[in-house]
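Peer 1: Return atomic coordinates for the entry below.
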Amino acid sequence: MKGEHSILSYYYESDGKIHLELLNDHVKRALDYIKFSRESKLFKFSKNLLPPEVDIHDLSRLSIIFHDTGKIFYQKMYRSLDGGKYISFRGHEYFSSYIFEKFLKETIDQNLNRNVNMEIYNYYNVCSFAILFHHHAMNVNLRKPPKSVNKHLQYTLKIIDGLKFLNTFLLDSEKPVFNSVIERLKKEISYPFFYTEMTRYIDKKMVDLWRMVMTYPKYKKMSLMLLSILLTADNLAARELRGYGGSRFHMALKDFYNYYLKP
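Peer 2: Purely as a prediction, here's the structure:
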């Protein structure tokens with residue numbers, strides 16, 4: 001079984017040199033970028049949009065933890081490029097969003113009979129928005145997972161327990177929920193129409209999320225805010241580990257971090 005620390009979030013091989021990034025390291029580095037203070041501009045702005053029970057730090061944490069979980073389905077998706085080899089993760093956000101949706105539903109189910117304000121979970125839809133749209137938000141249909149993922153589902157089934165390393169970053173109350181999600185996913189992956197049902201579910205969720213954003217101003221503001229946080233943490237952490245950067249987009253995210261997030 002593939003170990004928790006060998007799940008890849010980036011892989012490129014050229015001229016005998018291998019450049020890779022482990023998902024464990026990427027999540028850890030990305031979380032470092034959301035240690036913004038309660039005095040930061042972004043936190044103060046979020047306080048006007050969120051109920052007392054919901055914290056922008058928590059929404060950011062969950063978005064980062066789950067945003068690349070879908071890459072577990074791509075560990076054998078090698079492609080060739082200019083004599084080199086890389087792993088294509090195109091469409092992983094579909095799977096990532098699906099896994100988070102499972103986590104959110106399981107959390108809600110476990111709290112139905114407890115003294116919990118269930119309305120707060122509406123705000124966690126902004127996590128789904130950020131996770132699903134953290135690549136090419138305005139042209140997401142081009143990011144739909146290739147059907148060739150189906151060829152590797154049995155391998156995914158063998159290694160999916162490796163995602164349990166995320167328990168390191170989850171709260172104690174969240175760990176059993178996430179472990180339950182993994183067990184449910186094992187059953188679903190074995191189902192012949194898993195890919196079809198998963199993409200159909202996320203396509204519908206995509207419509208629901210945009211309807212939420214376009215109908216309710218506070219959710220629109222929170223969704224775009226959280227998407228900006230995830231884009232910033234994801235990009236800066238990736239560039240830090242992969243050792244390149246300098247694009248205008250990268251510099252814009254650094255400015256956003258320095259002005260709105262930096263502790």
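
Peer 1: Which residue comes closest to the residue most central in space within the chain once chain neighbours are left out?
Peer 2: Nearest residue to the geometric centre of the chain (Cα atoms, centre = their mean): His67, 0.7 Å. Spatial nearest neighbour of His67, chain neighbours left out: Ile131 (4.9 Å); criterion: Cβ to Cβ, 6 or more residues apart in numbering. From N, CA and C alone the C-beta is placed, and that goes for glycine too.

Peer 1: now the one you found, what's its secondary structure?
Peer 2: Secondary structure, DSSP: H, G, I helix; E, B strand; the rest coil: Ile131 is helix.

Peer 1: I'd say it and Ile65 touch.
Peer 2: No. The criterion here is Cβ atoms under 8 Å, and Ile131 misses it with Ile65 at 9.7 Å.

Peer 1: Looking at those two, which has the bigger crowd around it?
Peer 2: Ile131 (28 against 23; other Cβ atoms under 10 Å).

Peer 1: who are the neighbours in contact with the more buried one?
Peer 2: The contact partners of Ile131, by Cβ atoms under 8 Å, 6 or more residues apart in numbering, come to Ser63, Phe66, His67, Glu93, Ser96, Ser97, Phe100, Leu230.

Peer 1: what about the second one, neighbour count?
Peer 2: In other words, Phe66. Neighbour count for Phe66, taken as other Cβ under 10 Å: 29.

Peer 1: quick one: it and Ile99 touch, right?
Peer 2: Yes. Assessed by Cβ under 8 Å, Phe66 is found in contact with Ile99 at 6.2 Å.

Peer 1: what do these two both touch?
Peer 2: In contact with both Phe66 and Ile99: no residue, using Cβ under 8 Å, 6+ apart.

Peer 1: what about the strands in the stretch 51-200 of the chain?
Peer 2: For the stretch 51-200 of the chain, strands defined by DSSP state E, counting those that start in this stretch occupy the ranges 78-81, 84-87.

Peer 1: mean confidence score for the last one?
Peer 2: Put plainly, it is strand 84-87. Mean per-residue pLDDT for strand 84-87: 93.

Peer 1: quick one on the thing from earlier: so the residue nearest to His67 versus Pro263, what's the distance?
Peer 2: In this view, Ile131 and Pro263 are 24 Å apart by Cβ to Cβ, to the nearest Å.

Peer 1: Kindly report the same for Ile56.
Peer 2: Distance from Ile56 to Pro263, by Cβ to Cβ: 14 Å.

Peer 1: residue contacts, Arg38?
Peer 2: Neighbouring residues of Arg38 by Cβ under 8 Å, 6+ apart: Lys44.
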